[in-house]
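Colleague: Turn this into a structure:
(chains A and B)
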Amino acid sequence: MASSCYITFPSTFFAIRAESVLKGQSYFFKMVPVPRSISSSCGTALRCECEDITTLKDRLLQSDLELEGFYRLEEKGLKKPVVTELYLDDQETR
Amino acid sequence: MVHNNLNLYFDNAATSWPKPEAVYKAPEKQMRQAYGNPGRSGHTHTLESDRLLYQAREAIGRLYNFSDPGRLVFALNATDALNMAIKGFLNPDDHVLYTAMDHNSVLRPLGRLRRDGLISTTMIPCSGQGYPDLDFFEKAFRDNTSLLVINHASNVTGTIAPLKEMIESAHRRGVKVLVDAAQTAGVIPIDVLNENIDLLAFTGHKGLFGPTGTGGLYVAPWIDLKPLREGGTGSQSEIDIHPESMPERLEAGTLNSVGLAGLLEGVNFILETGVEEIHRKESELRDYLYEQLQNTGGLTLYGPASSSQSVAVLSFTLDGADCGEIGYILESSYGILCRTGLHCAPLAHQAIGTFPEGTVRLSPGYFSSQDDLDYLVNAVREIVQLASE
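Modeller: Sure, this is the predicted structure:
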């Protein structure tokens, strides 16, 4: 089954700021409503390829963004996905 | 002879008109095409509204030279922003300095806190031209002075305050500075970074060409304000304490995305045109008006003679005439719209000697033309002539 990764934010302001920072760069990402299986302070999350998530995190932290959490979701069609919270080895974000 | 010409509007200090064309169109587009509650749902319309607000914060950041759009808090107008700043910054027993040119939007929040016994205040007197008495100012600081409020330019005389000098003086003593840019935002270059402005309050519907109900407060990264209002932000909804992170910390409830769509276009127009160019044109208009009216018998002009020390506002009185009556004649006989009376700044009128009658205030704008000014000058001269007969 396919996996995708998510970055969550403490507020919509930071979600939109993340989009603005990454726009025009070569990463594939999309702003999406936060999946119900993830807990987040803000209703919008950034969905990306799992192989890019560390790079994106670093890029966003360089721009003074506040990030909340990082997750991998293994999608099972319409069934509940399997959620893994990722600890990306960065004290600042946890 | 009533004229229904757009450009006979000389009340831009109250609200600017006309607006750039895009300002009219953007709110309609926002309501018709991407009408979502910003920050709330996460669907496409919501995201479009969020993006719009973000772009507006960024554009205002470009205008005032700050890089973190999160330091811009949206407000209803300058009064709202000033209330947020004053009531959010001050603590009991603080002492505040302000000037005689300040508007009621500063005088009344300070007055309330003073009457409630929470703070003390000192008014810096101003000259008949509207300049603050800097000798008095230098001696007015106390050990508990925490805030200086500067009226960047007077809405009565147009006088531009010596911002740099006053900010430096306050900062030398560790006093923070709140700048009321109601009359200067969009018409005089403002650089919060290089001018070391701690708090900048402005309205959207005057020099920024936005709709009414829009405005904002820039809060420097080292300033922490207590929020005046708390509530829904669309984030951290499970906690009954308002979020701490900016700008949500100082914003609660659904924002005026429709109005802010218009404000964004107003700011974009200014960024494209250039504040310097707007100031240059408005200065020419103000200088011309002053020059043409200065030697008219019976007429007294208020404020600096040169636009280098003034925004495009010119107040006058006519010996023995009621300024309300002059305003009425200007509109009914000439189709000229202006403002008469006290302009919500009673201390400014005391300083220039026009209290309680007030003045007739003429405020041309970027879209006023030379022909409009000639027509206005002729109308005022005819009224002066009529009054002398």
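Colleague: Which one of the residues in chain A is closest to chain B?
Modeller: A:P33 (3.3 Å; CB to the nearest CB). (Each C-beta comes from the backbone N, C-alpha and C, glycine too.)
Colleague: Backbone torsions only: list them for that residue.
Modeller: Dihedral pair for A:P33: phi -60, psi 140, per degrees, to the nearest 10.
Colleague: Now do the contacts for the closest residue to it other than its chain neighbours.
Modeller: Distances taken as CB to CB, 6 or more residues apart in numbering or on different chains place B:G42 nearest to A:P33, at 3.3 Å, with adjacent residues excluded. B:G42 makes contacts with A:V32, A:P33, A:V34, A:G43, A:T44, as judged by CB atoms under 8 Å, 6 or more residues apart in numbering or on different chains.
Colleague: would you turn those into a markdown table with neighbour count, pLDDT and secondary structure?
Modeller: Listed next are the contacts of B:G42 as a markdown table, based on neighbours: other CB atoms under 10 Å in any protein chain shown; pLDDT from 0 to 100; DSSP: H, G, I helix; E, B strand; the rest coil:
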| residue | neighbour count | pLDDT | secondary structure |
| --- | --- | --- | --- |
| A:V32 | 16 | 93 | strand |
| A:P33 | 16 | 91 | strand |
| A:V34 | 22 | 91 | coil |
| A:G43 | 23 | 86 | coil |
| A:T44 | 28 | 92 | strand |
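Colleague: Report how many residues lie close to residue 61.
Modeller: Just so you know, I chose chain A. Applying other CB atoms under 10 Å in any protein chain shown, we find 15 residues neighbouring A:L61.
Colleague: try chain B instead
Modeller: Residues within reach of B:G61, counting by other CB under 10 Å, total 19.
Colleague: element containing it, please.
Modeller: In this structure, B:G61 is located in helix B:44-64 according to DSSP states H and E.
Colleague: That helix packs against which elements?
Modeller: Judged by 3 or more CB pairs under 8 Å, 6 or more residues apart in numbering or on different chains; DSSP states H and E, the packing partners of helix B:44-64 are helix A:12-22, strand A:44-48, helix B:21-33, strand B:72-75, strand B:215-219, helix B:257-273.
Colleague: most neighbours per residue, which of the ones you listed?
Modeller: Highest mean neighbour count of those: strand B:215-219, a mean of 28 (counted as mean count of other CB atoms under 10 Å in any protein chain shown).
Colleague: Helices of the chain, start to end?
Modeller: In the absence of a named chain, chain A is used. Ranges of helices within chain A are A:12-22, A:53-62, based on DSSP state H.
Colleague: looking at chain B here, not the other one
Modeller: With helices called from DSSP H, chain B shows them at B:21-33, B:44-64, B:78-89, B:104-115, B:134-139, B:163-172, B:257-273, B:275-293, B:323-334, B:346-352, B:370-388.
Colleague: mind checking which of those is nearest A:L56?
Modeller: helix B:44-64 (18.1 Å; CB to CB).
Colleague: Can you tell me which of the contacts of B:G42 is nearest B:R280?
Modeller: Among the contacts of B:G42, A:T44 lies closest to B:R280 (CB to CB), at 42.9 Å.
Colleague: Report the spatially nearest residue to that closest one, omitting neighbours in sequence.
Modeller: Sequence neighbours aside, A:A15 is the residue nearest to A:T44 in space, at 4.2 Å (criterion: CB to CB, 6+ apart).
Colleague: What parts of chain B come near chain A?
Modeller: Residues of chain B found near chain A (CB under 8 Å from any CB of the partner chain) are B:38-43, B:46-47, B:50-51, B:53-54, B:58, B:68-70, B:233-237, B:243, B:245-248.
Colleague: repeat that with 6 Å
Modeller: Within reach of chain A by CB under 6 Å from any CB of the partner chain, chain B has these residues: B:39, B:42, B:47, B:50-51, B:54, B:70, B:234-236, B:245, B:247-248.
Colleague: Low-confidence ranges, chain A, go.
Modeller: Residues of chain A that meet the criterion pLDDT under 70 lie in A:1, A:89-94.
Colleague: Turn the helices and strands packed on helix B:44-64 into JSON lines, including distance to B:P109.
Modeller: Shown next, in JSON lines, are those (distance: least, CB to CB, whole Å):
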{"stretch": "helix A:12-22", "distance to B:P109": "27"}
{"stretch": "strand A:44-48", "distance to B:P109": "35"}
{"stretch": "helix B:21-33", "distance to B:P109": "29"}
{"stretch": "strand B:72-75", "distance to B:P109": "13"}
{"stretch": "strand B:215-219", "distance to B:P109": "13"}
{"stretch": "helix B:257-273", "distance to B:P109": "23"}
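Colleague: Which among the ones you listed is found nearest to A:E74?
Modeller: Of all these, the one in closest proximity to A:E74, counting by CB to CB, is strand A:44-48 (13.6 Å).
Colleague: by contact count, what packs against the closest one?
Modeller: With contacts taken as 3 or more CB pairs under 6 Å, 6 or more residues apart in numbering or on different chains; DSSP states H and E, strand A:44-48 sits against strand A:3-8, helix A:12-22, strand A:29-33.
Colleague: and the angle for the last one with strand A:44-48?
Modeller: Per axes from the mean of the first three to the mean of the last three CA atoms, to 10 degrees, the angle that strand A:29-33 makes with strand A:44-48 is 150 degrees.
Colleague: Only C-alpha atoms, please: export strand A:29-33 in PDB.
Modeller: The C-alpha coordinates for strand A:29-33 follow below in PDB (Å, rounded to 0.1, in the frame of the first residue of the first chain):
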ATOM      1  CA  PHE A  29       3.800  18.700  -2.000                       C
ATOM      2  CA  LYS A  30       0.200  19.700  -1.400                       C
ATOM      3  CA  MET A  31      -1.700  21.500   1.300                       C
ATOM      4  CA  VAL A  32      -4.500  19.300   2.400                       C
ATOM      5  CA  PRO A  33      -7.000  19.000   5.300                       C
END
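Colleague: how far out from the middle of the chain is it?
Modeller: 8 Å (CA atoms, centre = their mean, to the nearest Å).
Colleague: What of stretch A:5-25?
Modeller: Distance of stretch A:5-25 from its chain centroid, counting by CA atoms, centre = their mean, is 8 Å.
Colleague: what's the first-to-last distance across it?
Modeller: Stretch A:5-25 has an end-to-end distance of 18 Å (CA to CA, to the nearest Å).
Colleague: how many other residues sit next to the closest residue to B:L107 other than its chain neighbours?
Modeller: Leaving aside its sequence neighbours, B:L107 sits nearest to B:L347 (CB to CB, 6+ apart; 6.8 Å). If you count neighbours by other CB under 10 Å, B:L347 ends up with 21.
Colleague: same check, this time on B:S146
Modeller: Neighbours around B:S146, by other CB under 10 Å: 17.
Colleague: before we move on, the earlier item: for the helices of chain B, give me a markdown table that also has mean pLDDT.
Modeller: What follows is those, written out as a markdown table (pLDDT from 0 to 100):
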| stretch | mean pLDDT |
| --- | --- |
| helix B:21-33 | 95 |
| helix B:44-64 | 95 |
| helix B:78-89 | 98 |
| helix B:104-115 | 98 |
| helix B:134-139 | 98 |
| helix B:163-172 | 98 |
| helix B:257-273 | 98 |
| helix B:275-293 | 97 |
| helix B:323-334 | 94 |
| helix B:346-352 | 92 |
| helix B:370-388 | 94 |
